[in-house]
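Chemist: After the sequence you'll find the predicted model.
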Amino acid sequence: MSKLVFIRHGQSEWNLKNLFTGWTDVNLSENGVAEAKEAGRKLKDAGIQLDQAYTSVLKRAIMTLHYALEESDQLWIPEVKSWRLNERHYGDLQGQNKAEAAEKFGEEQVHIWRRSYDVLPPMLSEDDPRSAAQDRRYANLDPNVIPGGENLKVTLERVMPFWEDHIAPDLLAGKNVIVAAHGNSLRALTKYLEGISDDDIINLEIPTGQPIVYDLDENLKVVDKKQL
Ligand SMILES: O=C(O)[C@H](O)COP(=O)(O)O
């Protein structure tokens, strides 16, 4: 039996300002740092011994992982960062205020962009200064995989190869794994892991900075789930 811990990053500065963030690389807020440290204390109190960490290439997730591992005396464990665990790319919505967008486009439209499974947000063009195509950290990627905007379906499709190649093999080898990522990359993984339907995934919210611990059997079926 292996343990799999999901943790969404602590509150970010843009969560605090209610801005669409996606692939924008923003810092944790003061409260987000406190949430991440508290998550580490909870992991320690629960006696969870981790073997391997995975995170995105965005600092709000990386820093959350580090604070949580430090607080639980496990900062030494191996860690791999991948763009495949990034937040879903919010396209041209990135940087816009969520409440203002709801006034401009209507609440229902914004809810669909945020929570539907397969509706894409307005796309960002490659020459937009906000585009990831301009960002050195993605320079080694095939330009075709750099998104201009993603829905949850596309997010799931780019997260799954990482699950298959890294996370699942570790779990099958009996390792306890922590994945520090984002609201929507974790919604995608949760959908897969728990077999949630395309319709029902609309209702799943993942809170910031709260460790979610799964016990998995030898076929990676969920035996138990708890939020610490
Ligand atoms: O990218 C963002 O704006 C947030 O991290 C997640 O936002 P959401 O709750 O609107 O999907």
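Modeler: Arrived safely.

Chemist: just how off-centre is the helix or strand V33 falls within within its chain?
Modeler: Using DSSP states H and E, V33 maps to helix 30-45. Put simply, helix 30-45 sits 17 Å off its chain's centre (Cα atoms, centre = their mean, to the nearest Å).

Chemist: Buried residues, it. List them.
Modeler: Neighbour counts over helix 30-45 (16 or more other Cβ atoms under 10 Å) mark N31, G32, V33, E35, A36, K37, E38, A39, G40, K42, L43 as buried. Yep, even glycine has a C-beta here, placed from its N, CA and C like the rest.

Chemist: For the closest residue to the ligand within the chain, which non-adjacent residue is spatially closest?
Modeler: The minimum distance from the chain to the ligand, using Cβ to the nearest ligand atom, falls at T21 (3.6 Å). Closest residue to T21 apart from its sequence neighbours, by Cβ to Cβ, 6 or more residues apart in numbering: W14 at 4.4 Å.

Chemist: Give the helix, strand or coil label for G10.
Modeler: Counting by DSSP: H, G, I helix; E, B strand; the rest coil, the backbone at G10 sits in coil.

Chemist: likewise D224?
Modeler: At D224 the chain is in strand, as set by three-state DSSP.

Chemist: wait, doesn't it sit right on Y214?
Modeler: Yes: proximity of D224 to Y214 meets the contact threshold set by Cβ atoms under 8 Å, at 7.0 Å.

Chemist: which residues touch E35?
Modeler: When contacts are counted by Cβ atoms under 8 Å, 6 or more residues apart in numbering, E35 touches G10, Q11, T64, T208, G209, Q210.

Chemist: I meant to write L220 there.
Modeler: Counting by Cβ under 8 Å, 6+ apart, L220 touches S2, A168, L171, L172, L193.

Chemist: Tell me the secondary structure of it, please.
Modeler: Following three-state DSSP, L220 is assigned to coil.

Chemist: what's the most distant pair in the buried residues of helix 30-45?
Modeler: Greatest spacing in the buried residues of helix 30-45, by Cβ to Cβ: N31 and L43 (18.9 Å).

Chemist: And the strands in this structure?
Modeler: Along the chain, counting by DSSP state E, strands occupy 2-8, 52-55, 79-81, 177-181, 212-216, 222-227.

Chemist: by contact count, what packs against the last one?
Modeler: Packing partners of strand 222-227 (3 or more Cβ pairs under 8 Å, 6 or more residues apart in numbering; DSSP states H and E): helix 183-194, strand 212-216.
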